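K.L.:
how would this look folded up:
(one chain, ligands or ions: 1)
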Amino acid sequence: NQGALWGGRFASGPSPELVALSRSTHFDWALAAYDLAGSHAHARALAAAGYLTADEEARMHAGLDALGVAVQDGSLVARPEDEDVHGALEAALIAEVGAELGGKLRAGRSRNDQIATLVRMYLLDHARVIARDLLRVIDAIVAQAEAHPEAIMPGRTHLQHAQPVLLAHHLQAHAWPLIRDLERLRDWSARASVSPYGGGALAGATLGLDPQLVADELGLARPAENSIDGTSARDVVAEFAFIAAMIGVDLSRFAEDIIIWNTREFSFVRLDDGYSTGSSIMPQKKNPDIAELARGKAGRLIGNLSGLLATLKALPLAYNRDLQEDKEPVFDSIVTLETVLPAFAGMVATLRFDTDRMASLAPEGFSLATDVAEWLVKRGIPFREAHEISGALVQACEQRGIGLEDADDALLAEVSPRLEPSVREVLTVEGSVASRTGVGGTAPARVTEQRAELVRRAQAA
Ligand code: ARG
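P.N.:
Residues are numbered from 1 along each chain as shown. Okay, here's the model as predicted:
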């Protein structure tokens, strides 16, 4: 096998079935640019330790640069007989600079420390892209909240009318988990910024190459503390897959709201034509496919995480070939998020809310009953009793088919002498919302304050 990385101790070449199973170039070619960056750094370390002359090092960098151009323009691709990206690029380097020089680069490194380093570099770069895309979704939510500072909607628990809340408060409740996802990406990045390069297959280096030099060249903070751990641990990959899955789950919850709000029965939002789809048979249809795909792809992101964890479970130290299975799930999670997030941001930015309809439904379902109870508490009545009185008022109104705000003075007095006519001051959704001034509450001033903090946290992450 021309250019294979191993073969010296083998009497025969690999069987075609093995080659077919073993090959990973169809997905790890995505790491080609990172592999070349690793090789540049490694060449520097070899030269610094005296294993390459200045001239050899210069020729090595020139050869690697030529490969970089060829990878970029697509003229260099893996051959069918290449096992993985590392072998393919070594073979290409030898073709470029000759076997004598090209054969020197492999000293003091293994594909095990290479791949463990490259996957971190790749994930770190995409963590930045995902964070940027996530920020656009957060920006779109903040802009919608800003555009609707006063709008009131029915707040729900158990999907039942519960208490009125500001639309901005509800929207911002979807932004906070995404802020935490941004912060997760940032925390993860600090943890991921480690270079296993130089750990070799597992046991560490003998050649005196400087691992900090390599880490610096690759933009990673420091070398791995333990060469066995560095080459064989993939918790850093699994954690990335978790964050991706969490983002998917967080988006799916917002997506579900949008899907429900967009039904004829709710009619709380209308989707922009550019961010909705039609039906091939029903001419009138306008469907929320972006929200549905976001919701559906959360399942796929969770699957990528669980699949990876299942691969890692009980793997003995150190490197095992099972670890090659780490890449496809996270690569898929990356493509998924980098496609979903921009569409989601556009959908949110262009939502049109029917705030009149939301406000008119907000008092329904006796959603001000808690306000009545708390009004009584402020007048010295124990909450237990206040709850009973307010509940009795709900029952009386329900029997008469009226809302709490429609109860006349006589009915109020009949339910309880404590229900003086001035209770009506809390029987408007505006009054109810305005009174929830506790920290994190839905009073307009609190929601505005909260939004400022949201924006600050988004910018800091
Ligand atoms: N392609 C492997 C991976 O993705 C790296 C190569 C290690 N192969 C080996 N036989 N040790 O994990």
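
K.L.:
please parse the chain into its domains.
P.N.:
16-107, 112-149+164-205+225-356, 364-427 (automatic domain parsing).

K.L.:
out of the ones you listed, nearest to residue 442?
P.N.:
Closest of these to residue 442 is domain 112-149+164-205+225-356, at 4.4 Å (criterion: C-beta to C-beta). The way it works is simple: take the backbone N, C-alpha and C, and place the C-beta from them, glycine included.

K.L.:
state the mean pLDDT of the closest one.
P.N.:
Taken as a whole, domain 112-149+164-205+225-356 has an average pLDDT of 97.

K.L.:
what about it, near the ligand?
P.N.:
Yes. Using C-beta under 6 Å from any ligand atom, domain 112-149+164-205+225-356 reaches the ligand at 112, 115, 319, 321, 323-324.

K.L.:
and the residue of the stretch 51-200 of the chain that's closest to the ligand?
P.N.:
residue 111 (3.6 Å; C-beta to the nearest ligand atom).

K.L.:
the nearest residue to that residue once chain neighbours are set aside: neighbour count?
P.N.:
Leaving aside its chain neighbours, residue 111 sits nearest to residue 86 (4.7 Å; criterion: C-beta to C-beta, 6 or more residues apart in numbering). Summarising burial for residue 86: neighbours were counted as other C-beta atoms under 10 Å, giving 26.

K.L.:
mind checking which helix or strand residue 86 is in?
P.N.:
helix 85-97 (DSSP states H and E).

K.L.:
buried residues, the next helix or strand after that helix. List them.
P.N.:
Toward the C-terminus, helix 85-97 is succeeded by helix 99-102 as the next helix or strand (DSSP H and E). For helix 99-102, burial by neighbour count (16 or more other C-beta atoms under 10 Å) applies to 101-102.

K.L.:
show me what contacts the nearest residue to residue 353 once chain neighbours are set aside?
P.N.:
Distance criterion C-beta to C-beta, 6+ apart; nearest residue to residue 353, sequence neighbours excluded, is residue 269 at 5.5 Å. Contacts for residue 269 (C-beta atoms under 8 Å, 6 or more residues apart in numbering) come out as 258, 261-262, 351-354.

K.L.:
what residues does the helix holding residue 86 touch?
P.N.:
So helix 85-97 is contacted by 2-5, 24-25, 28-29, 31-32, 35-36, 39, 59-60, 62-64, 66-67, 70, 76, 78-79, 82, 102-103, 105-106, 111, 114-115 (C-beta under 8 Å, 6+ apart).

K.L.:
pull out the buried residues from these.
P.N.:
3-5, 24-25, 28-29, 31-32, 35-36, 39, 59-60, 63-64, 67, 76, 78, 82, 102, 105-106, 111, 114-115.

K.L.:
what pLDDT is listed against the residue sitting furthest away from the middle of the chain?
P.N.:
The centre of the chain is farthest from one residue, residue 410, which by C-alpha atoms, centre = their mean lies 56.3 Å away. pLDDT for residue 410: 95.
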